[in-house]
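Trainee: Model the structure of this input:
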Amino acid sequence: MDPQALAIDDIQSLTEGLPWIVLVVDDDPGVLAISRMALRCVRVAGRDLALVTAQSGAEAVRWLESHDEPDVLLVDMQLETADAGVALLRQLRDRLGCRSARVLLRSGGDMSLVQPDLVGLDVSAVIGKAEVGLTDLRALVAQVLGELDARSA
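Mentor: Below is the predicted model of the structure:
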């Protein structure tokens, strides 16, 4: 995918302030489409969501190098390799300084195996792709955004 084409996919009407920015990183176009569908009409604290998608860690890094830090990172643990999602999070936290973004890490595999790798990455939740439906994903994103909103109040 052309990195110049990476942009905000879906912004609802901006009537009450800037939107929450959610960056979804997954190498499966179907998962990206489902994420768009799940998060299309979510509003938290009177603010809409702006959804940005990337199909690889490299695309996510290129987007982040030229944009403000998103509010939520929704990252597939197994992008190009089995540990690419965790490696991406390390790079985002350490090199790019993404410190305040809430992280929801998604995995289709055994999530207990990754827990030791997450130390120091400030991951809000590790969620299974098969176990978390559209409603659950919506609720998790709204929950972490609500926590961010409460902190800033």
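
Trainee: remind me which residues of this protein are low pLDDT?
Mentor: 1-16, 110-119, 153 (pLDDT under 70).

Trainee: helices or strands up against the longest strand anywhere in it?
Mentor: In the chain, with assignment by DSSP state E, the single longest strand is strand 47-54. With contacts taken as 3 or more CB pairs under 8 Å, 6 or more residues apart in numbering; DSSP states H and E, strand 47-54 sits against strand 8-11, strand 20-25, helix 29-39, helix 57-65. Glycine gets a C-beta too; all of them are placed from N, C-alpha and C.

Trainee: Nearest to residue 71 among these would be which one?
Mentor: Proximity to residue 71, assessed across those by CB to CB, is greatest for strand 20-25 (4.6 Å).

Trainee: most packed of the helices and strands packed on strand 47-54?
Mentor: Sort those by mean neighbour count, taking mean count of other CB atoms under 10 Å, and strand 20-25 sits at the top with a mean of 25.

Trainee: Please identify the buried residues of the helix or strand hosting residue 147?
Mentor: If you go by DSSP states H and E, residue 147 is part of helix 134-152. Neighbour counts using 16 or more other CB atoms under 10 Å place 137, 138, 140, 141, 142, 144, 145, 148 of helix 134-152 among the buried residues.

Trainee: wait, which of those residues is closest to residue 96?
Mentor: Of all those, residue 148 has the smallest distance to residue 96: 18.4 Å, by CB to CB.

Trainee: How about the closest one: what's its closest non-neighbour residue?
Mentor: Leaving aside its chain neighbours, residue 148 sits nearest to residue 71 (5.9 Å; criterion: CB to CB, 6 or more residues apart in numbering).

Trainee: count of neighbours near residue 83?
Mentor: Neighbours of residue 83 under the rule other CB atoms under 10 Å: 14.

Trainee: again, but for the one 4 residues further on
Mentor: Using other CB under 10 Å, residue 87 has 15 other residues around it.

Trainee: Identify the residues contacting the helix or strand encompassing it?
Mentor: Per DSSP H and E: residue 87 is located in helix 84-94. By CB atoms under 8 Å, 6 or more residues apart in numbering, the residues outside helix 84-94 that reach it are 25, 57, 60-61, 64, 73, 75-79, 81, 98-99, 101, 103, 105-107, 114, 117-118, 120-123.
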